[in-house]
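# Pasting the sequence and the predicted coordinates here, then a few questions.
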Amino acid sequence: MSHPVLRVQGLGHRFEGARDGAWAVREAGFELHPGEVLAIVGESGSGKSTLLNCIAGRLAPAEGQVLYRCRDDREIDVHRVGERERRELSRTEWGFVEQQAHEGLRMNVSAGANVGERLMGQGERRYAALRDTATRWLARVELDPARLDDSPREFSGGMRQRLQIARNLVTRPRLVLMDEPTSGLDVSVQARLLDLIRLLVGRLHLSAIVVTHDLGVARLLAHRTLVMRQGRIVEQGLTDRVFDDPQHPYTQLLVSSVVSA
Amino acid sequence: MNGYNFAYLDEGTKRMIRRALLKAVAVPGHQVPFGSREMPLAYGWGTGGIQVTAAVIGQADVLKVIDQGSDDTTNAVNIRRFFARTTGGRTTERTAEATIIQTRHRIPERPLTEAQILVYQVPQPEPLYKLEARRRETLKLHAFAEYGLMNVKLYEDIAQWGRIDTTYDYPVLVNGRYVMSPSPIPSFDNPKMHRMPALQLFGAGREKRLYAIPPWTDVKSLDFDDHPFRIEPQGHACALCGCTASYLDEILMEDGRTQWTCSDTDHCREQQENRA
Amino acid sequence: MNPVLDIDGVRKRFTLHLRDGLQLPVLDGVSLQVGAGECVALVGPSGRGKSTLMKCLYGSYAVDEGSLWLHRASGERIDLARAEPRQVLALRRREIAYVSQFLRSLPRQPALDVVAERILEADPADPETDADPLDDTPYLAALEAARAQAGALLARLNLPEGLWGLPPATFSGGEQQRVNIARGFIEPARLLLLDEPTASLDAANRRVVIELIQEARRRGSAIVGIFHDEEVRDAVATRRFDFTES
C-alpha cells in the first residue's frame, strides 16, 4: 500500500491562560491515505477545529507532530519546517475551506482574481491563461462563468463557498481541509454543495479532512470518521461502522441524538 | 544659522537616518524603518523627503525642490527656503545645476547623472497596502517574495478597464527581488528609474520608512506577458515649447479653454531657450 | 475445498451504554465456510443475528471475537474482522457486494447513476493518468459506458426507464429494491451478501433475481443470503445454515 499523506501523532494543544489548564486537544493520532476523506465530528468545544488548525500549520501544537508527505515524496514535520515552506505548501499542496467564506476569499477583488491568485503566486504570467483557467474552474464548481469579473460580495453564501472551493483547488492540492463547509447555509444549498464536494473529491482524487458537527455530512462525504469529545478522539473507523455500530458511549449518545428528517 | 543645527536635524538623528539609508542602498527596494522626527511641517507635505535630504545634504550641495514638476508651488518654495535657511547653501531651479533634487510626484525630464541624488517624497511606501492592510502580513510577503497579490491588482485593472490602469504609483520590481512603490509619480516616469545613474532615495515620514535604489539598478514595471507595461502617448504638444516627448499637464485656462504644458517647468524653460 | 469465506468462532455483543451498559449478545461463536459457487442460506427466527452477521461481513458492524477470513482471488486471505478501514473500502469496491432490504443511496443521485457508480468505483481512475481535472472527457466516456450497462440490468429487472433519471428516494418499495439489486449484481463480486433481496418484489422480478443469483454462482461467487421467501430459497440455496442452534 502507498504511504499515508498525513500522519498525526500524539497531538495535543492547550491555549495559554485556559481555564483549569484544560487541553483543547489531547493525544490525537490518526493517518490519512491518498484519496481518503476523513470526517472529524464532535460538538462545540470538542477540539475539532483546534485539531484542524494544528494540522493546517496555523497553530503550533503543544505536543506531538503532524507529518505530511509532499508531492515529491518527502515527509516533513509541518511545524518543524520554516514558515516560508509552510506558507508555500498552504498555497500549493494544501487547501483550506473556511467556514465563513469571506475569511477564505478576497472580498475586494473579482471572482476571477480570487481563483487566479494562487496561479499568479506560482508565476503564471499570462493574463489570458489566468482568465481561461479561472473560467473553467468557475464552471467546474457550477458557478456561471459570466460572473468571472463580479465581486464575491454579490454572491450568495452558497456561491461564495463554491468560489472558495475553486480558489483552493486551482493548484490541485493533495490535501484539503474543510471547517464546517456547509454550516450556515440553507438546507437545499447545503445539499447541493455537499454533492459538489463529493464529486470533486472523487474526480480530483483528493485526500480531505472535514470538520463537522453534522453527522449527515460525515455520512455523505467521509470514508472514515473520528469522533471527538473534550479534546480526545473517542472513536474512529469506517463511517458507516461508527454510526451503525457505535462502540463508545459518547458516540452512541451522539448517534441517538440525531433527529432524522 | 538662526540657532538651528546644519540642515535642522541634530547629528544623532542624521547618523541614524544615514545608517538606515546605507541599509536601504544595500538592499534595493526593501523598506527600512527609521525614527521619523517631528518636522516643522505637517505629515503629508514631505516630512520623509525632507529628513532624507537633511541627512545627506552638505555645504557644497546645490538643492532643487520640485512639486509635480514645478519649482514654484507653495510646497516646493517652502522646502527650498527651509534648506536655504538651515544650511546657508545654494539652491537652484535648474536640474543641470543641482546635486540634490527633492521631488514630489515627478522625475525630471532631463537625464540625471552619477553626481546627483534624487529624493522622492512618499506618502505610502507599501505597494500592497490597498490589498493587504496588515503590516505584519506585508512584511512576510516581502520577506518570502510572495508577490502573487501584486499581480492580482494588475489583473483586476485589466479585467475592469481592459488594460493596466494604474496611471501613477505603478509598482516596480527592483533588482529582481523587491516590489516597490515608486511613489505617486506617473507611470510615464517609471522607465526613467531603470538603470538611472543617479542615486534614488525614498522617504515616507508619516509611515516612518525609507528605501533606496542604488545607481545603475534594474527597475522593471510589473506586467503580464500578454499585457506588457506601456506608456500611453498623451497625444499633445506643449503649448509653450512644442515638446511632444515630455509629460504634459492639462491646464484649465480662465477663458475655459484647456492648454497642455510641460509639467517639468525647468525642462520647458530649457526647451524654449533652445528653440529661440 | 478452499473456501472463499471462512467464518471462525465469531462473537458479537451490543453494549447499550445509554441503558446503563446493557449487553445484548447476538453472535455467540458462529463458524461457517462458504465456497465458490455456493449459496448458503441463513435460516432461523428473526432477531437471532442473521442480519448482524451479514453486516459484520460487510464491515458495518464490529466483531468482538473470532475471524472472518476472506480468501481473495489473488490467493491471499484477509480477516474482515480486523481489516483496516481502507482495506474494507477497497474490498467493497470490487470483491464484496451487499444487497440489503433497504436502499441506502445518496439523496440526489438518479437511479441509473446509483447503479452505474458501482461500475466506476470498481475500476477507479488512476490519479497519475488523470492529468487534467478540468477535462471530463475520459470520465464522461466511462460514465456513459457504465450507464449503458446499468440500464441493461435495470431493464432486465423491469424498472421503467422513466424512473432511471430520478433519485430512488421517491420510489415505491419494490422499485427501490430493484435499484438495490441492480447495484449489488452489476459488478461480479467474490462475496455476495443478500439480505432479503426479493422483499417487495412480484413473481416476475423474483424470477429475475433467482436468475441473477444463479449466474453469480456460475461465475464463482460465494453467496450468503437471508431469504424469507421459501420459493426463492429453494431455488437458489445450495446449503442452509441454521441460526437457531448457535
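Sure, I can see it.

# Mind telling me which residue of chain A is nearest chain B?
With Cβ to the nearest Cβ, the shortest gap between chain A and chain B falls at A:Gly121, namely 2.7 Å. (Each C-beta comes from the backbone N, C-alpha and C, glycine too.)

# What is the neighbour count of that residue?
When counting by other Cβ atoms under 10 Å in any protein chain shown, one arrives at 20 neighbours for A:Gly121.

# Contact partners for it?
Applying Cβ atoms under 8 Å, 6 or more residues apart in numbering or on different chains, one finds that A:Gly121 lies in contact with A:Arg91, B:Glu146, B:Tyr147, B:Gly148, B:Leu149, B:Asn151.

# State the phi and psi torsions of it.
Dihedral pair for A:Gly121: phi -60, psi -30, per degrees, to the nearest 10.

# so where does the residue nearest the centre of chain C fall, helix or strand?
In chain C, the residue lying closest to the centroid (Cα atoms, centre = their mean) is C:Tyr98, at 0.9 Å. Using DSSP states H and E, C:Tyr98 falls within strand C:96-99.

# Starting from C:Glu38, give me the distance back to the closest residue to C:His71 other than its chain neighbours.
Across the structure, with Cβ to Cβ, 6 or more residues apart in numbering or on different chains as the measure, the residue nearest C:His71 apart from its sequence neighbours is C:Arg77 (4.7 Å). Remark: distance between C:Arg77 and C:Glu38 (Cβ to Cβ, to the nearest Å) = 17 Å.

# Tell me the secondary structure of C:Asn2, please.
The three-state assignment at C:Asn2 reads coil, by DSSP: H, G, I helix; E, B strand; the rest coil.

# follow-up on the earlier one: buried ones in whichever helix or strand comes after the strand holding C:Tyr98?
Next in sequence after strand C:96-99, counting helices and strands by DSSP H and E, comes helix C:111-122. Within helix C:111-122, the residues scored as buried using 16 or more other Cβ atoms under 10 Å in any protein chain shown are C:Ala111, C:Leu112, C:Asp113, C:Val114, C:Val115, C:Ala116, C:Glu117, C:Arg118, C:Ile119, C:Leu120, C:Ala122.

# Whichever residue of the stretch 51-200 of chain B sits closest to chain A: how many residues sit nearby?
Residue nearest to chain A within the stretch 51-200 of chain B: B:Gly148 (2.7 Å; Cβ to the nearest Cβ). By the criterion of other Cβ under 10 Å, B:Gly148 has 18 neighbours.

# Could you check how far the spatially closest residue to it that is not a sequence neighbour is from A:Asp240?
Counting by Cβ to Cβ, 6+ apart, A:Gly121 is the residue found nearest to B:Gly148 once chain neighbours are left out, at 2.7 Å. A:Gly121 sits at a distance of 40 Å from A:Asp240 (criterion: Cβ to Cβ).

# Show me what the residue nearest to the centre of chain C is bridged to.
Taking DSSP bridges as the rule, C:Tyr98 bridges to C:Leu193.

# Can you name the residues of the stretch 1-150 of chain A that neighbour chain C?
Along the stretch 1-150 of chain A, the residues adjacent to chain C under the rule Cβ under 8 Å from any Cβ of the partner chain are A:Met1, A:His33, A:Pro34, A:Gly35, A:Glu36, A:Thr133, A:Arg136, A:Trp137, A:Arg140.

# filter those by proximity to chain B?
Among the residues of the stretch 1-150 of chain A next to chain C, not one lies near chain B by Cβ under 8 Å from any Cβ.

# you'd agree B:Gly176 is up against B:Asp218?
Yes: contact between B:Gly176 and B:Asp218 holds when scored by Cβ atoms under 8 Å: they sit 6.3 Å apart.

# which residues in the stretch 51-200 of chain B form strands?
Along the stretch 51-200 of chain B, the stretches classed as strands by DSSP state E, counting those that start in this stretch are B:62-67, B:90-91, B:100-104, B:117-121, B:172-174, B:178-180, B:199-204.

# Next, format those strands as CSV and append distance to C:Arg240 and mean neighbour count.
As requested, the strands of the stretch 51-200 of chain B are arranged in CSV below (distance: least, Cβ to Cβ, whole Å; neighbours: other Cβ atoms under 10 Å in any protein chain shown):
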stretch, distance to C:Arg240, mean neighbour count
strand B:62-67, 102, 24
strand B:90-91, 112, 17
strand B:100-104, 98, 25
strand B:117-121, 94, 26
strand B:172-174, 81, 22
strand B:178-180, 79, 22
strand B:199-204, 89, 27
